[in-house]
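1. Pasted the sequence and its predicted model underneath.
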Amino acid sequence: VQLQASGGGLVQAGGSLRLSCAASGRSFSRYSMGWFRQAPGKEREFVAGIRWIGGSIYYADSVRGRFTISRDNAKNTMYLQMNSLKPEDTAVYYCVAVSGSSWYNPDYWGQGTQVTVSS
């Protein structure tokens, strides 16, 4: 599975962006999909994930209520709708594909897309 993230950019605080993660290869629908982010000087952190079985959704506390993760298996694409963006959301965002139960052991990583939120 190859993952291609896109949709990042520069936005003012309070604005919105939608990230996309396009997957190539077979069996996309059999992977749980998620997003991580890494800000300068900080560790990479889990942002959101959606399970391939049952579609359960998980969010980091820092983004719950502002971000929405979704997937379209017919298009092999996952999305992250980000609203009410804050300067602390500034980071490189990576999409991941996970075959196991832990988000912290992804099978595949995308290349990352930069999100910058100005105050």
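-> Looks like it came in fine.
2. And W103, what's its pLDDT?
-> Per-residue pLDDT puts W103 at 94.
3. For V1, give its distance to V96.
-> 10 Å (CB to CB, to the nearest Å). C-beta coordinates here come from the backbone N, C-alpha and C atoms, glycine included.
4. who has more neighbours, the two?
-> Neighbour comparison, V1 and V96: the larger count goes to V96, with 24 against 17 (by other CB atoms under 10 Å).
5. residue contacts, the residue nearest to that one when sequence neighbours are not counted?
-> Excluding the flanking residues, the one nearest V96 by CB to CB, 6 or more residues apart in numbering is P106, at 3.7 Å. Applying CB atoms under 8 Å, 6 or more residues apart in numbering, we find P106 in contact with 34, 96-98.
6. before we move on, what about P87?
-> So P87 contacts 13, 117-119 (CB under 8 Å, 6+ apart).
7. Now rank these by neighbours and give me the top one.
-> Neighbour max across the contacts of P87 (other CB under 10 Å) = V117, 20 neighbours.
8. Tell me the secondary structure at that one.
-> The three-state label given to V117 by DSSP: H, G, I helix; E, B strand; the rest coil is strand.
9. phi, psi of the spatially most central residue of the chain?
-> Geometric centre of the chain, nearest residue: W35, 2.6 Å, by CA atoms, centre = their mean. With angles defined as degrees, to the nearest 10, W35 sits at phi -130, psi 140.
10. Please consider this matter closed, and thank you.
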